[in-house]
Each structure stands twice: as C-alpha cells, then as structure tokens.
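Q: The sequence and its predicted three-dimensional model are supplied below.
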Amino acid sequence: MRFYCYQSPDEYVREQIRKNQKKLHVVAASAEELNLIAKKVNAETPNVQFAICHGVRNGWEVQELRRLLGGVNVIGTDIAPTASQFPHVIQADFHNIREEWLGNVDFIYSNSWDHSHDPERAFRNWLRCLKPNGQLFLQWTEDHGEANVDSADCFGASLPELKDLIGRLGKLEGDTEIAQWSLPPRGNVYSGLRRLIKRHPVKVVHLLTETGVIFVFLILRVTSKLPRPRLMI
C-alpha cells in the first residue's frame with residue numbers, strides 16, 4: 001500500500017477539487033459492471049430502496065443505476081462543489097456518513113476509493129451504512145495500485161492488499177472479472193477502455209488467477225460482518 005502525505009486537511013480537499021474540475025466529464029465506471037451489479041442486487045436483495053455511489057464526479061453511474069434498477073433511490077456523493085450541477089448528487093466528503101444512512105442502505109458502489117486519505121475509516125463507515133443483507137461493490141484496476149498514487153489519487157493498493165484490508169472490516173463475498181485487456185498508456189486509459197468495451201463483447205467470468213494479467217477490471221463484493229454500530233465521526 002502507498003499513501004500520499006498531505007500537509008493539511010485543506011490540501012486534501014483542494015487537490016480533490018482540482019482533479020474533479022480537470023476530469024469532470026471523465027467516466028471511470030462501465031456499463032458492463034453496473035449491469036452486473038444491478039443483476040446481483042435484483043437477484044439477492046429483495047425490495048431495494050436506497051443506494052449510494054461514492055466519489056461520482058459527474059454522476060454517470062448514479063443515473064445509470066437508477067435506470068437499471070427502475071427508479072430505486074440511488075444518490076451520489078462528491079467532495080467538489082460541482083456536485084450540485086448533477087441530478088441526485090450531493091456535495092460530501094465520503095469519509096463521513098449521515099446518521100440517516102446508518103443501517104439503511106441496500107448497496108454502495110465506488111470506483112473512487114483510491115481518493116481516500118483514510119481508507120479504513122471510509123470503508124468502515126460505508127459498511128456501517130449497509131442493511132443486514134446490504135452489499136458494498138468496489139471497482140479495482142491496476143490504476144488503483146501504488147504506481148499511480150499522486151496528490152489526488154492518494155491511496156494505492158494491490159488487489160491482495162485491498163482484499164486484506166476489506167477482510168479486516170467486512171466479509172469479502174467474492175470478486176468478478178469484467179474485462180481483461182492491455183490498455184493504452186496512462187492518460188488514455190479510460191477512453192481506451194470505453195472504446196474496447198464498445199468494440200468487443202465482454203464475457204463475465206470468475207477470477208481464477210492474477211498471473212500474467214496486464215489489466216484487470218474487477219468488482220469486489222463485500223458485506224458487513226460488524227454489528228450495527230452507532231455513528232462514528
């Protein structure tokens with residue numbers, strides 16, 4: 001694991017807002033992964049009512065999940081003030097949770113957990129929000145690793161490290177590989193991913209090995225193993 005060290009909390013917020021403004025219209029989620037999540041939620045969670053996507057930038061995944069789930073109340077959070085520009089997105093630091101979320105969320109999704117300066121706190125609080133049968137879905141790619149840590153993507157972890165961290169806080173139910181490709185150099189990763197998804201059919205398979213993988217696009221599915229706690233500030 002690797003962390004970027006900030007001089008102050010204000011620096012963290014400033015760097016996150018800077019990155020948000022620079023990449024406001026970039027989408028890191030894929031239609032394939034959101035379809036998979038929607039199918040799992042519909043199959044395993046009766047009467048889905050409320051979900052949260054953390055670190056959504058322009059809120060694309062919020063709108064897509066709302067469409068896929070037929071009007072379920074899916075909201076998004078982002079630390080930048082641009083959040084107010086997008087429907088169903090609120091400005092909030094995803095390390096913090098609201099009291100009304102505790103034990104009331106059917107599922108949480110994030111591809112932006114690598115923007116956390118304190119991932120243990122963030123993950124623990126997210127798990128505290130879940131209903132007893134709720135699920136946390138995390139995207140992992142090689143872009144989430146140590147090599148790409150900077151002043152905005154401030155936390156990097158390998159897949160085993162992320163699984164180990166999650167295992168200490170919740171119960172890792174499994175992981176699903178969405179796609180495996182060699183992508184263009186960093187900077188073109190997301191546009192390259194979108195082009196590849198459009199060009200090639202994506203076959204969902206269970207991850208069997210990490211050996212020789214150049215790029216892995218994973219969804220980790222996590223449930224809480226903790227008793228329902230009180231709000232942690």
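A: Ah, there it is.

Q: going forward, measure contacts between C-alpha atoms and count neighbours the same way
A: Will do.

Q: give the contact list for E146.
A: Residues near E146 by CA atoms under 8 Å, 6 or more residues apart in numbering: 1-2, 155-158.

Q: Could you rerun that using 10 Å?
A: 1-4, 114, 153-158 (CA atoms under 10 Å, 6 or more residues apart in numbering).

Q: and if you look at S112?
A: 28-29, 53-57, 78, 94, 138-140, 144, 153, 155.

Q: now the nearest residue to A147 once chain neighbours are set aside: how far from T77?
A: In this structure, A147 finds its nearest non-sequential neighbour in G156, 7.4 Å apart by CA to CA, 6 or more residues apart in numbering. For G156, the distance to T77 (CA to CA, to the nearest Å) stands at 21 Å.

Q: With L34 instead?
A: 17 Å.

Q: So for these two, which sits in the more crowded spot?
A: Higher neighbour count among L34 and T77: T77, with 24 against 19, using other CA atoms under 10 Å.

Q: Check the contact between the more buried one and R98; I expect there is one.
A: No: the criterion here is CA atoms under 10 Å, and T77 misses it with R98 at 11.7 Å.

Q: Overlap in contacts, the two.
A: Joint contacts of T77 and R98 (CA under 10 Å, 6+ apart) are A92.

Q: show me where pLDDT drops low in this protein?
A: Where the chain drops to pLDDT under 70, the residues are 175-233.

Q: middle-most residue in it, spatially?
A: S110 (1.3 Å; CA atoms, centre = their mean).

Q: circling back to that earlier point, any idea how far I75 is from the residue nearest to A147?
A: Taking CA to CA, one finds G156 at 26 Å from I75.

Q: More neighbours: which of those two?
A: G156 (26 against 22).

Q: The more buried one touches D143, doesn't it?
A: Yes: proximity of G156 to D143 meets the contact threshold set by CA under 10 Å, at 8.3 Å.

Q: ok but G76 is inside a strand, no?
A: Yes: assignment of G76 by DSSP: H, G, I helix; E, B strand; the rest coil places it within a strand.

Q: Now do the contacts for it.
A: For G76, the contact set (CA under 10 Å, 6+ apart) comprises 51-63, 83, 86-92, 94, 108-110.

Q: repeat that for 7 Å
A: 52-54, 56, 59, 62, 88-90 (CA atoms under 7 Å, 6 or more residues apart in numbering).

Q: next one: L130
A: With CA under 7 Å, 6+ apart, L130 has these contacts: 102-107.

Q: Write a PyMOL command that selects only the buried members of the contacts of G76.
A: In PyMOL, a selection of the buried entries from the contacts of G76 looks like this (16 or more other CA atoms under 10 Å):
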select buried, resi 52+53+54+56+59+62+88+89+90
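
Q: Return the member of the contacts of G76 nearest to D164.
A: Ranked by distance to D164 (CA to CA), these are led by H54 at 21.0 Å.

Q: Specify the beta-bridge partners of the closest one.
A: On the basis of DSSP bridges, H54 is bridged to T77, S110.

Q: Hmm, S110 and it touching each other?
A: Yes: H54 is in contact with S110 according to CA atoms under 7 Å; the separation is 5.2 Å.

Q: Tell me the secondary structure at D106.
A: strand.
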